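**Q** sequence? don't have it. structure:
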């Protein structure tokens with residue numbers, strides 16, 4: 001009950017801002033959003049959401065890594081990255097698409113409070129490992145959203161008309177530049193996550209490193225994104241090729257972590 005007020009406040013604020021941004025997009029005021037103060041207002045629900053995550057994730061001396069809490073954390077980090085990036089790029093139109101996802105993220109723990117909670121003992125190494133992993137997932141979530149939007153815009157360019165929401169998006173070249181920068185940083189974090197899990201497995205998890213399907217999909221995703229970055233640097237890969245590789249890598253990443261959690265917690269109830 002103590003979390004009801006901040007949960008409702010964050011959900012309402014995210015939803016109201018999404019509606020406001022959407023109306024502004026339809027009215028053709030995307031430029032005003034990039035310069036205006038409404039973008040700063042996103043910081044308020046971010047603070048409420050952060051407080052809720054702190055309350056839900058830290059259970060005594062353990063870290064709660066249940067599925068709904070992990071998804072909520074990833075969506076919060078995704079929203080945070082977009083909000084910070086808007087100070088450097090004209091991304092207000094993209095906030096229109098991310099705000100509803102953030103609203104879902106803040107509501108999930110309230111809607112499914114009895115979902116199995118998976119807790120692990122915390123240490124600074126474990127916390128650093130999890131933080132790197134969550135940041136990597138958030139950045140690749142943004143990359144996947146970017147890739148999907150780029151594909152949609154490119155297809156609509158061949159039509160006589162384009163929805164106003166798509167017209168207000170940043171130019172394809174800007175989105176593509178940002179896409180590869182996001183993937184580059186995400187690759188660094190994913191590499192740190194995989195390497196620390198292998199080298200310091202006993203210190204982080206309290207057991208020797210084991211090769212399993214989670215690790216397999218993680219390495220496949222790492223390989224896909226690595227090939228994409230090499231192809232972009234050496235062969236100039238871009239456009240549809242970049243979109244396909246980005247979505248493929250993200251798909252394997254989802255299977256590696258959230259897919260595994262879904263099977264274990266929702267289907268097998270472990």
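**A** Perfect, I can see it now. Being a predicted model, the structure only gives us computed values, none of them experimental.

**Q** Break down the stretch 1-150 of the chain into its helices, ranges please.
**A** For the stretch 1-150 of the chain, applying DSSP state H, counting those that start in this stretch gives helices covering 4-26, 30-35, 38-41, 43-57, 67-85, 92-111, 124-156.

**Q** weakest of those in terms of mean pLDDT?
**A** Between the helices of the stretch 1-150 of the chain, the one with the least mean pLDDT is helix 30-35; it has a mean of 59.

**Q** Let me know the pLDDT of residue 161.
**A** Each residue has a pLDDT score; the one for residue 161 is 65.

**Q** ditto for residue 28
**A** At residue 28, the pLDDT value in this model is 65.

**Q** Residue 260 now?
**A** On the pLDDT scale, residue 260 is placed at 59.

**Q** Ok, residue 66 next?
**A** In the prediction, the pLDDT value recorded for residue 66 is 72.

**Q** circling back: the helices of the stretch 1-150 of the chain into a markdown table, with extra columns for distance to residue 225 and mean neighbour count?
**A** (C-beta placed from N, C-alpha, C; glycine too.) Conversion of the helices of the stretch 1-150 of the chain to a markdown table gives the following (distance: least, Cβ to Cβ, whole Å; neighbours: other Cβ atoms under 10 Å):
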| stretch | distance to residue 225 | mean neighbour count |
| --- | --- | --- |
| helix 4-26 | 29 | 18 |
| helix 30-35 | 29 | 16 |
| helix 38-41 | 29 | 14 |
| helix 43-57 | 26 | 18 |
| helix 67-85 | 17 | 21 |
| helix 92-111 | 21 | 21 |
| helix 124-156 | 8 | 19 |
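
**Q** can those helices go into CSV with extra columns for distance to residue 238?
**A** Conversion of the helices of the stretch 1-150 of the chain to CSV gives the following (distance: least, Cβ to Cβ, whole Å):
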stretch, distance to residue 238
helix 4-26, 26
helix 30-35, 24
helix 38-41, 29
helix 43-57, 32
helix 67-85, 20
helix 92-111, 19
helix 124-156, 10
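
**Q** Those helices: which one's closest to residue 250?
**A** Ranking the helices of the stretch 1-150 of the chain by distance to residue 250, with Cβ to Cβ as the measure, places helix 124-156 first at 4.0 Å.

**Q** check contacts around the residue lying closest to residue 83 once chain neighbours are set aside.
**A** Excluding the flanking residues, the one nearest residue 83 by Cβ to Cβ, 6 or more residues apart in numbering is residue 42, at 5.1 Å. Applying Cβ atoms under 8 Å, 6 or more residues apart in numbering, one finds that residue 42 lies in contact with 17, 79, 83, 95, 99.

**Q** looking at it, the third one is touching residue 99, isn't it?
**A** Read that as residue 83. No: counting by Cβ atoms under 8 Å, residue 99 is not a contact partner of residue 83; they are 9.8 Å apart.
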